[in-house]
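Peer 1: My questions concern the predicted model and sequence given below.
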Amino acid sequence: MIVVTGATGSIGRALVSRLRESGADVLALVRRPEQGEALGVEYAVGDFERPSSVPMGERLFLNTAPWPNFARRHKEVIDRAAAAGVSQVVSVSVLGARPGAPLSGGPHGEADAHLRASGLPHTILQPVGFMQSLPGEVADGRFHGSYGTGRTGYIDTRDIADVAFALLTAPVGESATHVLTGPEALTQQEVAAQLSAALGRTVTYVDLSIEEMTEHARRRWGLPEATARELAEMMAAVPDSDWSKTTGTVADLAGHPPRSLADYLADHAADFAG
């Protein structure tokens, strides 16, 4: 049995769909019964805040958003998987994850290090920014950042699911960490141009200084001052970071090229508010 955590998110839902269609024996972890019913597969109700509620199977897909105590709870689930003799763990992390890194990179880095030390056969997936996050960033025809002309290889979360599907349904290989990106690294100005073309209306990227972006993130998303500044500083560092690079990992592991931003927009233009 393949246990899928984070089964109602954009990655988990796509993975569950692929597994269901393939006829694989899958168990989805959900917070509420109605979520499991909607997925159309066997499910268990639980969450990482209660590690004992996370079921174990032959293989385990780990994916959940960071929250307070994320690293500690994630480690507890990994320990339970090791004790249960799980044969493979595929875990979604984030590019640049390491203990002490800013934003979600820190707790993900702690969880990744614990998984590597656990002795469990594993694959850690480290994707860049998600295309599926773009609708939440655009408001009133604009989106903001402090990227300058830095490039980001945005990835469609369906491609992350496809990679996970390939790994979870193939013979277990050697433990590894893979960086996942889309096919092209785009500037925010290029992203705005593609959004404008796909949506049929003008979308503008507004580039801000670190100080301005800190204030914007604090007001727009309600982030604490320190977190907002870390986000702004991370954006400004993109031109000199791995976020501006692309890899061929999706094609190598999933067997198809990663979806482009144009592909994503052709399927999801309706997700953007007018």
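Peer 2: Okay, I see it.
Peer 1: Flag the shaky bits of the chain, pLDDT-wise.
Peer 2: Filtered on pLDDT under 70, the chain yields the residue ranges 274.
Peer 1: Determine the longest helix present in it.
Peer 2: When the chain is parsed with DSSP state H, its longest helix is helix 70-84.
Peer 1: Which positions in it come out as buried?
Peer 2: Using 16 or more other CB atoms under 10 Å as the test for burial, helix 70-84 gives 70-71, 73-78, 80-82. For glycine as for every other residue, the C-beta is placed from the backbone atoms N, C-alpha and C.
Peer 1: how about those residues in CSV, adding distance to A198?
Peer 2: Shown next, in CSV, are the buried residues of helix 70-84 (distance: CB to CB, whole Å):
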residue, distance to A198
F70, 34
A71, 38
R73, 39
H74, 36
K75, 41
E76, 43
V77, 39
I78, 40
R80, 44
A81, 41
A82, 45
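Peer 1: sorry, back to before: okay, now the sheet partners of the helix or strand following the longest helix of the chain, with direction.
Peer 2: Where DSSP states H and E defines the elements, the next helix or strand beyond helix 70-84 is strand 88-92. Sheet pairing of strand 88-92 (DSSP bridges) gives strand 59-62 (parallel), strand 122-127 (parallel).
Peer 1: what's the angle between the last one and helix 70-84?
Peer 2: Calculated by axes from the mean of the first three to the mean of the last three CA atoms, to 10 degrees, strand 122-127 forms an angle of 150 degrees with helix 70-84.
Peer 1: which is the next helix or strand following strand 122-127?
Peer 2: Next element after strand 122-127 (DSSP H and E): helix 134-137.
Peer 1: What lies in contact with the helix or strand that that next one is followed by?
Peer 2: Moving toward the C-terminus from helix 134-137, the next helix or strand (DSSP H and E) is strand 142-145. Identification of contacts with strand 142-145 by CB atoms under 8 Å, 6 or more residues apart in numbering yields 134, 137, 188, 192, 203-208, 213, 216, 220, 235.
Peer 1: residue contacts, F165?
Peer 2: 15, 18-19, 22, 254.
Peer 1: Next, count neighbours for R218.
Peer 2: Counted with other CB atoms under 10 Å, the neighbours of R218 add up to 18.
Peer 1: just checking, what packs against the host helix or strand of it?
Peer 2: Here R218 sits within helix 210-221, counting by DSSP H and E. The contact analysis (3 or more CB pairs under 8 Å, 6 or more residues apart in numbering; DSSP states H and E) places helix 210-221 against strand 142-145, helix 225-236.
Peer 1: got the buried residues for that helix?
Peer 2: 210, 213-218.
Peer 1: how much does it deviate in direction from helix 225-236?
Peer 2: 120 degrees.
Peer 1: Need the contact partners of helix 210-221.
Peer 2: 139, 144-146, 208, 223-225, 227-229, 231-233, 235-236.
Peer 1: Quick one: buried ones out of these?
Peer 2: For the contacts of helix 210-221, buried by 16+ other CB under 10 Å: 144-146, 208, 223, 227-229, 231-232, 235-236.
Peer 1: Looking at those residues, which is nearest D267?
Peer 2: Lowest distance from D267 to the buried ones among the contacts of helix 210-221 (CB to CB) belongs to G145, with 23.9 Å.
Peer 1: re earlier: turn the helices and strands packed on helix 210-221 into JSON lines, including distance to S53.
Peer 2: Output for the helices and strands packed on helix 210-221, formatted as JSON lines (distance: least, CB to CB, whole Å):
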{"stretch": "strand 142-145", "distance to S53": "37"}
{"stretch": "helix 225-236", "distance to S53": "28"}
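Peer 1: Compare these and give me the one nearest L95.
Peer 2: It's helix 225-236; of those, that one is closest to L95 (CB to CB) at 10.7 Å.
Peer 1: Centre of the chain to the closest one, how far?
Peer 2: 19 Å (CA atoms, centre = their mean, to the nearest Å).
Peer 1: Can you spell out which helices and strands pack onto it?
Peer 2: helix 210-221.
Peer 1: Please export the C-alpha coordinates of the helix it packs on as PDB.
Peer 2: What follows is helix 210-221, C-alpha atoms only, in PDB (Å, rounded to 0.1, in the frame of the first residue of the first chain):
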ATOM      1  CA  ILE A 210      13.700  44.900   0.000                       C
ATOM      2  CA  GLU A 211      12.300  47.500   2.400                       C
ATOM      3  CA  GLU A 212       9.200  48.100   0.300                       C
ATOM      4  CA  MET A 213       8.600  44.400  -0.300                       C
ATOM      5  CA  THR A 214       8.900  43.700   3.400                       C
ATOM      6  CA  GLU A 215       6.100  46.200   4.100                       C
ATOM      7  CA  HIS A 216       4.000  44.900   1.200                       C
ATOM      8  CA  ALA A 217       4.300  41.300   2.400                       C
ATOM      9  CA  ARG A 218       3.500  42.300   5.900                       C
ATOM     10  CA  ARG A 219       0.300  44.200   4.800                       C
ATOM     11  CA  ARG A 220      -0.800  41.900   2.000                       C
ATOM     12  CA  TRP A 221      -0.300  38.500   3.600                       C
END
